[in-house]
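Asker: Okay, sequence plus prediction incoming.
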Amino acid sequence: MSEQNRDPVHQNILSLHGDLLNELRLIFTSKDREYLDKYESLTEEKRKECDEFVEFFSHCPRCKKQNPKYNLIGLFLDETPKKQKIKKKLVKLMKDLKNNNISVSVGVLCCECYKEIFEKDIP
Ligand SMILES: [Zn+2]
């Protein structure tokens, strides 16, 4: 099927930007649906903290590529002790840097940089 013959809905889907597609993935995969439900059940204060977290760590500090939003939301909301520990440290780091107006390049590595440095996939 050529580009011109596609119906308007199909055309719209094709024209969506990566970010919006990520948002759609957030809605359509069951794991991310679970995160969305958890996100919605957060207190307003925690939701703001989650938004701030996602924004603050939105880019890989090494290659500067954008980290997938749903992965960051997933890290923030994951309740396994190991991930909670990482999240708490990252939130503390974020708040310390912001509160003291310190500008340094910190962040969460993207999948590719993580694999390159640690020679394994993100757990
Ligand atoms: Zn990277």
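Answerer: Nice, I can see it.
Asker: Could you tell me which residues of this protein lie near the ion?
Answerer: Counting by C-beta under 5 Å from the ion, the positions of the chain adjacent to the ion are 60, 62, 63, 110, 113. C-betas here are computed from N, CA, C, even on glycine.
Asker: Tell me how far the most centrally placed residue in the chain lies from the ion.
Answerer: Residue closest to the average C-alpha location in the chain (C-alpha atoms, centre = their mean): residue 69, at 2.4 Å. Look at residue 69 and the ion: by C-beta to the ion, to the nearest Å, they are 15 Å apart.
Asker: my guess is that residue contacts residue 53, does it?
Answerer: No - judged on C-beta atoms under 8 Å, residue 69 makes no contact with residue 53 at a distance of 10.7 Å.
Asker: re earlier: give me the buried entries from the residues of the chain next to the ion.
Answerer: 60, 110, 113 (16 or more other C-beta atoms under 10 Å).
Asker: Show only the entries of the residues you listed found in strands.
Answerer: Per DSSP state E, strands hold no members of these.
Asker: Redo the residues you listed as TSV? Include distance to residue 75.
Answerer: Listed next are those as TSV, based on distance: C-beta to C-beta, whole Å:
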residue	distance to residue 75
60	14
110	13
113	16
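Asker: coming back round to it: most widely separated two among the residues of the chain next to the ion?
Answerer: Greatest spatial distance in the residues of the chain next to the ion: 62 and 110, 7.6 Å, computed using C-beta to C-beta.
Asker: any common contacting residues for these two?
Answerer: Common contacts of residue 62 and residue 110 (C-beta atoms under 8 Å, 6 or more residues apart in numbering): none found.
Asker: So for the residue nearest to the centre of the chain, what pLDDT did the model give?
Answerer: On pLDDT, residue 69 comes in at 83.
Asker: Pull out the buried positions in the helix ranked longest in the chain.
Answerer: Longest helix of the chain, by residue count under DSSP state H: helix 81-99. Within helix 81-99, the residues that count as buried by 16+ other C-beta under 10 Å are 87, 90, 91, 94.
Asker: out of those, which one sits closest to the ion?
Answerer: Closest approach to the ion among the buried residues of helix 81-99 (C-beta to the ion): residue 90, at 16.2 Å.
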